[in-house]
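[1] Got a sequence here, can you build the structure:
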Amino acid sequence: MVGERFGAVPFDIEDVFWSHRGELCTFDVMIEEFGLATEPLHTLAAIVRGADTARLDLAPQAAGLLAASLGLSRMFADDLKQLEAGMLLYDAFYRWCRDATDETHNWPTAKGRSVK
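    Okay, the predicted model is just below:
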């Protein structure tokens, strides 16, 4: 088996250590097991959990992550290329959680109009 040859650890499948536990998805489990308790990661975890468990009500961004993830799965037949693209997506979501949750887009702008 390829996994044994490379000393790989089973991931995100039933009945293995790195998988869903109760209401938690594998991402939650990783955060918990590695002791990564930061606010941005907890925010991201809710988004990932919502997308990964079809509980899109957990975070408004969960539907967007699910849509983007499913889109990537249709764009890449090669798992490693899909993983590379997915890492960029998750990095972008993390940076939003860390730096941009308060940012909004006000369109159209009030520029050029008098404000009373």
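[2] can you give me the helices in the protein?
    Counting by DSSP state H, the chain has helices at residues 2-5, 26-33, 39-52, 62-75, 79-95.
[3] Contacts for the shortest one next, please.
    The contact list for helix 2-5 (Cβ atoms under 8 Å, 6 or more residues apart in numbering) reads Ala8, Pro10. Bear in mind the C-beta positions are built from the backbone N, C-alpha and C, glycine included.
[4] Just the buried residues of it, please?
    Going by neighbour count (16 or more other Cβ atoms under 10 Å), nothing in helix 2-5 comes out as buried.
[5] rewinding a little: and the helices of the chain, which is most packed in?
    helix 39-52 (a mean of 20; mean count of other Cβ atoms under 10 Å).
[6] Can you get me the centre-to-centre distance for that helix and its chain?
    Distance, stretch centre to chain centre, for helix 39-52: 6 Å (Cα atoms, centre = their mean, to the nearest Å).
[7] returning to that earlier point: between the helices of the chain, which gets nearest to Trp107?
    The closest of the helices of the chain to Trp107 is helix 62-75. By Cβ to Cβ, the value is 18.2 Å.
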